[in-house]
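**Q** Sharing a model prediction with you, sequence too.
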Amino acid sequence: MLQHLPVANPQPNATEFIDILTGRVKSNRVPLVEYLVDDVLARPITTDLLGRRWVVEGADRASQKAALDNFIQFWYRLGYDFVRFERGLPFEEQKFLAPDPSELLSSRRMSALLLPGASSC
């Protein structure tokens, strides 16, 4: 079953992928895309199938570089045409905690639903 993995000579083509999605060209194949692969699955594939050391990304540049390299090799060597990569920016967050106002509104809504002639807020 895994005789064709990892792909010996991957040839992703972003331009072709976009052209297929937009309908500019017809293709004889369906582009290989996966939205998300969880680490529970990615780790054994990376270590056992690709023979790479698994790296957990930390705050240091070396682990970030190694983890990103594993990420790239995972998708590339498995022959995917597209990679979803998202990274949040480390903005400082300020939070304000307040009581949930929906509890009072929910009880009033329920009364209006259950009691004929009851008025809602």
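**A** Received the coordinates, thanks. Keep in mind that this is a model prediction, so the values were computed, not measured.

**Q** give the contact list for the residue nearest the centre of the chain.
**A** Central residue of the chain (C-alpha atoms, centre = their mean): residue 36, 4.1 Å from the mean position. Contact analysis of residue 36 by C-beta atoms under 8 Å, 6 or more residues apart in numbering lists residue 84. No exception for glycine: its C-beta is placed from N, CA and C like everyone else's.

**Q** now with 10 Å?
**A** Taking C-beta atoms under 10 Å, 6 or more residues apart in numbering as the criterion, residue 36 is in contact with 42, 84, 86.

**Q** helix/strand/coil for it?
**A** State at residue 36, reduced to three classes by DSSP: H, G, I helix; E, B strand; the rest coil: coil.

**Q** try residue 81
**A** coil.

**Q** Could you tell me the model confidence score at the nearest residue to it once chain neighbours are set aside?
**A** Of all residues not flanking residue 81 in the chain, residue 31 sits nearest, at 4.2 Å (C-beta to C-beta, 6 or more residues apart in numbering). Looking at residue 31, its pLDDT is 83.

**Q** Can we start the residue count at 39 from this point?
**A** From this message on, residue numbering opens at 39, which makes the last subject residue 69.

**Q** May I have the phi/psi pair for residue 69?
**A** With angles defined as degrees, to the nearest 10, residue 69 sits at phi -60, psi 140.

**Q** Could I get the full set of helices for the protein?
**A** 52-60, 77-82, 99-115, 140-152 (DSSP state H).

**Q** Of all these, which one is nearest residue 43?
**A** Residue 43 sits nearest to helix 99-115 of all the helices of the chain, at 7.7 Å, using C-beta to C-beta.

**Q** other SSEs contacting that closest one?
**A** helix 77-82 (3 or more C-beta pairs under 10 Å, 6 or more residues apart in numbering; DSSP states H and E).

**Q** just how off-centre is the helix it packs on within its chain?
**A** From the chain centre to the centre of helix 77-82 is a distance of 14 Å (C-alpha atoms, centre = their mean, to the nearest Å).
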